[in-house]
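Novice: following is a predicted model, sequence given first.
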Number of protein chains: 2
Amino acid sequence: MTKDGKMRLGLSMRYLGYHVAAWRHPDVPADGALSFEYFLSTARKAEAAHLDMVFFADGLGIRANDNPKGSLARDMRNAELEPITLLAALGATTSNIGLVATASTTYNEPFHIARKYASIDHISGGRAGWNVVTSWSDEEAQNFNRNENLAYEDRYERADEFVDVVKSLWRSWEDDAFVRDKESGLFYHEDKLHVPDHKGKHFQVRGPLNSARTPQGEPIIVQAGASEAGRELAARCADVVYSNSHDLKHAQDYYGDLKARLAKYGREPEELLIMPGITPFVGKTRQEAQDRFDQLQELIHPLSGLASLYNALGDLSGYPLDGPVPDIGGQKLRSIASNLLEMARTEKLSIRQLYQRVASTFWVRLAIGTASDIVDEMEEWFKNDGADGFNFCPAILPGGMEDISDLLIPELRRRGLFRDRYEGRTLRENLGLKPSIFKLA
Amino acid sequence: MTKDGKMRLGLSMRYLGYHVAAWRHPDVPADGALSFEYFLSTARKAEAAHLDMVFFADGLGIRANDNPKGSLARDMRNAELEPITLLAALGATTSNIGLVATASTTYNEPFHIARKYASIDHISGGRAGWNVVTSWSDEEAQNFNRNENLAYEDRYERADEFVDVVKSLWRSWEDDAFVRDKESGLFYHEDKLHVPDHKGKHFQVRGPLNSARTPQGEPIIVQAGASEAGRELAARCADVVYSNSHDLKHAQDYYGDLKARLAKYGREPEELLIMPGITPFVGKTRQEAQDRFDQLQELIHPLSGLASLYNALGDLSGYPLDGPVPDIGGQKLRSIASNLLEMARTEKLSIRQLYQRVASTFWVRLAIGTASDIVDEMEEWFKNDGADGFNFCPAILPGGMEDISDLLIPELRRRGLFRDRYEGRTLRENLGLKPSIFKLA
Ligand SMILES: Cc1cc2nc3c(=O)[nH]c(=O)nc-3n(C[C@H](O)[C@H](O)[C@H](O)COP(=O)(O)O)c2cc1C
Ligand SMILES: Cc1cc2nc3c(=O)[nH]c(=O)nc-3n(C[C@H](O)[C@H](O)[C@H](O)COP(=O)(O)O)c2cc1C
């Protein structure tokens, strides 16, 4: 729970929503992922609901491989706007909502990232955030002069240094360095410039950044690491963590673990906000919610469904969809395979039923029910050390955002769990984080 | 001259204008280079005048070194918005004007550049352009893990391959690849996807780009190379060249040379538009124009003036500003040094008078006079194989743009040399270039 007792809420938008069949839903514009208007109108809905931020996940290329053959051509994850340019454009066309985009430390340079996010912070009047990821697929590596992704340790070692360089670039100038005195001709105070001159294992970056301190001081850092190195990076540098927990127990473990790591970096527990993802299917009745979910599940193309099982179970395209799940052996992800096979066996699931489980939400926690059901669950997590708020990952957009505005937000407000106006001007202020000040002596 | 007899006109914006003392001018907001509103309102003025495009030059860091000591603190070129994010934000807030930003092939990766410019083209509805540069300063190299810039040959070899990779990524999908058929579940036609799978000396990039063809087909390519390799790159790949000529003879030589190179790449002369830079000081009378120029010249801080002479003539800060220009020897740029010294000798220039010549316009061609004087010159170049149009580089902004709108554009229109409405929807259409179509069979 946060100190002020209010949840922090984000809206995660990617492609046309988090359900693999989102694009086939009758209310969804199938070409939306390339339309600025699509994202702008959805972001404005989130802003009207006073959400803290919109969030754009990212991958540097198409990560799905075409297995089984023909599945890629049924996949919407092929063409989309690029998140940094999208963020900048939203910065100029929205007024209050925070704007977070993902950028990889493995396939970028710190000077570009420091500069672009600082620029977006200026453009948006203090609403920019950077979601730090290390990238995980070989498909991304292959767009950047490599055959496969960097090894896990190297990725996080590079990420650690990368974030430090970015922060030192953001601290090139003190808050009041630029005087711009027309009379005397002095543009800045020389003793308020601090050239980073970084020389490390992965990077050599002199600086300074050719930008002043930003309206937020520095953009917000978001992170989503789950592993040991990922958690340490978050504890050391992040303002917000987007996590992924499927039950309260897991959420509490993660929350407790991460908050406990803060002290060694001289940080207070409230300096890092933990926001698990949630995909709500909300209806005026439970039946309506379930119907909405079922409608989408029916729209999963069999090839997309089989693709979601491929990495664990191999190519099942030769087997009847409504027959039992065969164990054809030889898979790479043996432990996931045996879990899935066991689940199919005990619950007597057909291939179709199994892929409907797996393909539905890109693995985010599902919540199906009335507003009161879903808010009960959110409140329980929030009040019992499982979350400081949530990152909504609607199955379809803009519809999913409308349901949040119309059904969930009023219920959250009724219980005093969410704001009814923006408290501050910047994302940092709205999140309730300490100001970022850089002024020596 | 263009085929339709109309000039193409661009507005180049950088910092607060092209004069080194722009920020000290009473009408200029000294903090404008970090203000999105500043660039937006100026871009809208350019759009109201129906200019083809706004253009953002760029350097990846602060290129000036602090010589003589104290000069950097008098320099406005220290903090600015980043051009790609600025372009995206302008794409969402303007409607018709073309948007061109500079990106270096030496310190970027082709996948990022292909993706960001494609995204801006989508956001802006077909108005994006990429100014391809290879970067020239060691200060930029030092922000990207190097001590000094790449050698000239390596830079251009890398640039050639870089542009090819970007273009092949832009041709990952045919124009009509995405069908998004909700009924059948087919998102794209498999035979209209073309995976670049590039393996070259400098880059290995598999692709495809995770973006569809853009409203322009592909963004416009701008280039400003002056050397042999720069001219070849322009002849092979560019749609527009921003050149820099100080007299008609030089402009004609450059124009003739570049147009003649097109045939060997199977291109027609009108497929490459050549637009020299021009910094106009326009007044209702010649005296008014001259006064405007003199006013700015007076505002050059002596340390900024001396900095503009430093690379050629060394540190002259110990000498009287209104005394003769000494030859203190030992400079790196010996040929420029002897030219400057000879000029100072023959014209009996003081140090102050010499730096006023050098510092005034970042080397762009100056035109001081009435609208009729300046348009006479532009018309002469345009009609005599010196230019297809011009790239205005106003000394101060927004004032310089207002003068263009109020004084130069009406005179150009009176002579039938410039449009009074946008002919097309995209930058490519307004420039009168061939559509970019990618549809096999
Ligand atoms: C909510 C959430 C969002 C994420 N977004 C991205 C993303 O946009 N791009 C990406 O490459 N990885 C993303 N990841 C992956 C994480 O950055 C991280 O790699 C993953 O959680 C595994 O943790 P680890 O890297 O510590 O092993 C996301 C993870 C979560 C839980
Ligand atoms: C009008 C104009 C604009 C330019 N803009 C940039 C720029 O924004 N960034 C940059 O690094 N170089 C810029 N340049 C430099 C050119 O890209 C090029 O390096 C220079 O003209 C020298 O030519 P060369 O590289 O063929 O030797 C510009 C040059 C001109 C003439």
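Specialist: Alright, I've got the coordinates. Numbering: from 1, shown residues only, chains lettered A, B, ... in the order given. Ligands and ions are numbered 1, 2, ... in the order given.
Novice: buried ones in the lowest-mean-pLDDT helix or strand in chain A?
Specialist: None of the helices or strands of chain A scores lower by mean pLDDT, DSSP states H and E than helix A:334-347, at a mean of 86. Buried residues in helix A:334-347, counted by 16 or more other C-beta atoms under 10 Å in any protein chain shown: A:337, A:340-341, A:344. Placement of C-beta: from N, CA and C, glycine included.
Novice: also within reach of ligand 2: list those from those.
Specialist: Among these, no residue sits close to ligand 2 (C-beta under 6 Å from any ligand atom).
Novice: would you turn those into JSON lines with distance to A:Asp403?
Specialist: Output for those, formatted as JSON lines (distance: C-beta to C-beta, whole Å):
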{"residue": "A:Ala337", "distance to A:Asp403": "35"}
{"residue": "A:Leu340", "distance to A:Asp403": "30"}
{"residue": "A:Leu341", "distance to A:Asp403": "35"}
{"residue": "A:Ala344", "distance to A:Asp403": "31"}
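Novice: does anything pack onto the helix or strand that the least confident helix or strand of chain A is followed by? Which helices or strands?
Specialist: Toward the C-terminal end, the helix or strand that comes next after helix A:334-347 (DSSP states H and E) is helix A:351-359. Applying 3 or more C-beta pairs under 8 Å, 6 or more residues apart in numbering or on different chains; DSSP states H and E, one finds that helix A:351-359 contacts helix A:302-313, helix A:334-347.
Novice: export those helices as TSV, with columns for distance to ligand 1.
Specialist: Converted to TSV, the helices and strands packed on helix A:351-359 look like this (distance: least, C-beta to the nearest ligand atom, whole Å):
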stretch	distance to ligand 1
helix A:302-313	16
helix A:334-347	15
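Novice: ok, which stretches of the stretch 1-150 of chain A are helices?
Specialist: For the stretch 1-150 of chain A, the helices defined by DSSP state H, counting those that start in this stretch occupy A:36-48, A:83-91, A:110-124, A:138-141.
Novice: I'd like these laid out as TSV, including mean pLDDT.
Specialist: As requested, these are exported to TSV (pLDDT from 0 to 100):
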stretch	mean pLDDT
helix A:36-48	98
helix A:83-91	98
helix A:110-124	98
helix A:138-141	95
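Novice: among those, which comes closest to B:Tyr254?
Specialist: For B:Tyr254, the closest of these is helix A:110-124, at 32.3 Å, according to C-beta to C-beta.
Novice: near ligand 1, which residues of the stretch 1-150 of chain A? Just list them.
Specialist: So far as C-beta under 6 Å from any ligand atom goes, the stretch 1-150 of chain A lies against ligand 1 at A:57-59, A:102, A:133-136.
Novice: ok, A:Ser350 - how many residues close by?
Specialist: Neighbours of A:Ser350 under the rule other C-beta atoms under 10 Å in any protein chain shown: 16.
Novice: brain fart, A:Lys3
Specialist: Neighbours of A:Lys3 under the rule other C-beta under 10 Å: 10.
Novice: excluding covalently adjacent residues, which one is nearest to it?
Specialist: Nearest non-adjacent residue to A:Lys3, counting by C-beta to C-beta, 6 or more residues apart in numbering or on different chains: A:Glu270, 5.3 Å away.
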